[in-house]
Structure formats: structure tokens, C-alpha cells
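J.: With the sequence up front, the predicted model follows.
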Amino acid sequence: MSRLRDAGCVFAEEEALLLLSGAPGAAVLDRMVAQRLAGQPLEQILGWASFGGLRVALRPGVFVPRRRTEFLAAQAVNVLAGRSARLVVELCCGSGAVAMALSAAVPDCRIYAVDLHPEAVECARSNLPQASVLKGDLFLALPQELRGRVDLVVANAPYVPTAALALLPREARNYEPAATFDGGRNGLDTVGRIISEAPQWLGSRGKLLLECSEEQAAAVDGLLAAAGLAPQILRKEETDATVAVGSAPPRRTKGTGQTG
């Protein structure tokens with residue numbers, strides 16, 4: 001514990017207990033402590049992360065789910081709770097933590113999870129045995145028959161401006177793929193792509209939920225409106241979490257003049 005505290009670990013006592021419980025012997029414990037002192041994320045060392053009360057399996061090279069993203073997952077659960085049709089797509093899924101939370105809270109939802117990185121896809125498949133986990137570039141990975149039928153698209157896409165990557169904590173810079181953070185010049189390259197393409201995939205009254213920073217909220221609000229989605233910004237100060245919601249309009253039923 002003292003080695004972790006001296007190295008600046010804020011929650012040294014809690015981390016020491018977790019490392020002790022995860023190590024089968026002294027030699028393994030010494031190796032795990034050395035990895036932590038070198039800056040490797042605790043979750044990658046343990047092989048799991050806590051997310052919304054669930055234990056999410058992790059492996060080196062995969063984005064570590066953050067506590068703030070639990071707010072995104074909670075809002076997604078709220079969306080599904082009021083629906084009978086529950087077809088969900090998680091883009092940039094990483095370990096699949098958000099999809100795991102949805103599956104646990106709404107067991108009858110049908111989930112497609114997508115990521116571009118092979119390590120993340122393998123990790124998500126281990127966490128989501130009942131979902132369809134696909135490797136590919138955002139919506140391009142999805143079966144075409146889902147177009148216009150999806151009830152919820154949820155994504156914690158990269159949204160850190162490129163110039164701010166150097167300001168990330170050391171463990172994020174050195175042990176998590178830069179591509180999982182880098183959102184381009186203003187942080188909204190991937191977010192903007194998702195917003196522009198989502199209306200083609202959302203069904204009547206479908207919703208798009210995206211994590212972003214508080215500073216980006218106004219810009220994301222404008223992008224949603226420009227794409228024809230009714231925007232809403234949700235905020236949870238306790239965890240510095242911001243979620244942008246885009247709601248698709250009801251779709252007219254052909255030949256009846258009624259909305260679906």
C-alpha cells in the first residue's frame with residue numbers, strides 16, 4: 001500500500017485491496033504492483049472494470065470504461081424502458097460495457113455492438129455472448145436490413161480534441177489506444193459522422209444517445225438539429241457527464257396519412 005501511496009495513487013488503500021484479492025501469490029502480486037507503479041490502468045491489471053454494478057472483462061489495449069459513462073448507460077436504459085420494440089446498436093463499443101448494462105437492465109433487447117479495433121471486438125464478444133458483436137467502421141458494419149428499424153443508437157465515441165491528447169492522464173496516454181480518444185481538431189469528427197448517418201438507421205421515434213464534453217454540448221446540439229433530430233442535452237454534475245440525445249420524428253405510414 002505504501003508503494004502505491006508514494007507513487008501518487010489517489011485511492012491507494014482500495015487499489016491495494018483489489019490487487020491483493022486478484023493475486024494468487026506473492027510473485028504475481030509484486031508483478032501487478034510494478035505494473036501499477038509504471039502507470040498501467042488498475043482495471044487492465046486486474047482484468048476487469050466495475051461499471052454500473054457489473055464486472056466488465058478487460059484486456060490490455062482496450063479502452064477502460066469510465067464512471068461518467070454510467071450516465072450514458074442509464075439514459076439508454078430509460079429510453080428502452082418505455083418501448084416494446086428494443087433493437088439497439090452500440091457504436092465504438094470498446095469492451096461492450098454500455099451494452100452489458102443495457103442487456104442486464106432490459107434482457108429482451110436485441111443488441112448489435114460495433115468497434116473498429118480487433119482487441120476491442122474480442123473483448124466485447126467475451127462480455128456480450130448474446131449480442132452480435134461486429135468489427136467495422138460505425139454503421140458500415142451493420143446488416144443492411146437494420147436500416148430504418150433501430151430503436152436506439154448509443155455511442156461513447158472519441159471526443160477529445162487532438163491537441164488535448166497530451167493532457168490526458170499518463171495511464172490513458174500510454175496504455176489505451178489513442179484512437180479511442182482522438183476526435184480530431186474539435187473532438188467531433190467521429191461524433192459528427194455518427195450524427196449525420198444515424199437518421200438513415202433510426203426507426204420511427206428512434207433515439208441517438210452520445211457522450212460528449214460539456215464544452216461541446218452546444219455544437220453537438222446544432223449538429224443534431226441539422227440532421228433532423230430533435231436535440232436535448234442532459235447533464236450529471238457529480239460525475240462530469242454530458243449526454244446528447246437526438247430524437248427521430250415519427251414516420252408517416254404510407255397511404256394512410258397517419259404517423260407511426
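T.: Thanks, I have it.
J.: from the middle of its chain, how far away would the longest strand belonging to the chain be?
T.: The residue-count maximum for a strand in the chain (DSSP state E) belongs to strand 202-212. On the basis of C-alpha atoms, centre = their mean, to the nearest Å, strand 202-212 sits 14 Å off its chain's mean C-alpha point.
J.: Show me what counts as buried in it.
T.: Within strand 202-212, the residues that count as buried by 16 or more other C-beta atoms under 10 Å are 202-204, 206-212. In this view, the C-beta of every residue, glycine as well, is placed from N, C-alpha and C.
J.: what mean pLDDT does the next helix or strand after it have?
T.: For strand 202-212, the succeeding helix or strand toward the C-terminus, using DSSP states H and E, is helix 217-226. Averaged over helix 217-226, pLDDT sits at 98.
J.: Between strand 202-212 and helix 217-226, find me the angle.
T.: Here the directions of helix 217-226 and strand 202-212 differ by 170 degrees (axes from the mean of the first three to the mean of the last three C-alpha atoms, to 10 degrees).
J.: Tell me how many other residues crowd the spatially closest residue to residue 204 that is not a sequence neighbour.
T.: Counting by C-beta to C-beta, 6 or more residues apart in numbering, residue 251 is the residue found nearest to residue 204 once chain neighbours are left out, at 3.7 Å. Neighbours of residue 251 under the rule other C-beta atoms under 10 Å: 14.
J.: ok, residue 251 to residue 199 distance?
T.: Distance of residue 251 to residue 199, computed by C-beta to C-beta, to the nearest Å: 11 Å.
J.: before we move on, what about residue 32?
T.: In this view, residue 32 and residue 199 are 47 Å apart by C-beta to C-beta.
J.: coming back round to it: distance-wise, check the residue nearest to residue 204 relative to residue 39.
T.: Taking C-beta to C-beta as the measure, residue 251 falls 50 Å from residue 39.
J.: now the strands: where do they sit in this protein?
T.: If DSSP E is used as the criterion, the strands of the chain fall at 48-51, 54-57, 87-91, 110-115, 132-135, 150-155, 202-212, 230-236, 241-247, 252-253, 258-259.
J.: can you redo the ones you listed as a markdown table with mean pLDDT?
T.: Formatted as a markdown table, the strands of the chain follow (pLDDT from 0 to 100):
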| stretch | mean pLDDT |
| --- | --- |
| strand 48-51 | 91 |
| strand 54-57 | 95 |
| strand 87-91 | 97 |
| strand 110-115 | 97 |
| strand 132-135 | 98 |
| strand 150-155 | 97 |
| strand 202-212 | 96 |
| strand 230-236 | 98 |
| strand 241-247 | 98 |
| strand 252-253 | 62 |
| strand 258-259 | 48 |
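J.: I'd like those as a markdown table, with distance to residue 218 appended.
T.: What follows is the strands of the chain, written out as a markdown table (distance: least, C-beta to C-beta, whole Å):
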| stretch | distance to residue 218 |
| --- | --- |
| strand 48-51 | 28 |
| strand 54-57 | 32 |
| strand 87-91 | 22 |
| strand 110-115 | 28 |
| strand 132-135 | 32 |
| strand 150-155 | 19 |
| strand 202-212 | 10 |
| strand 230-236 | 8 |
| strand 241-247 | 10 |
| strand 252-253 | 31 |
| strand 258-259 | 30 |
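J.: what about those, which gets the closest to residue 161?
T.: Taking C-beta to C-beta, strand 202-212 is the member of these nearest to residue 161, at 11.5 Å.
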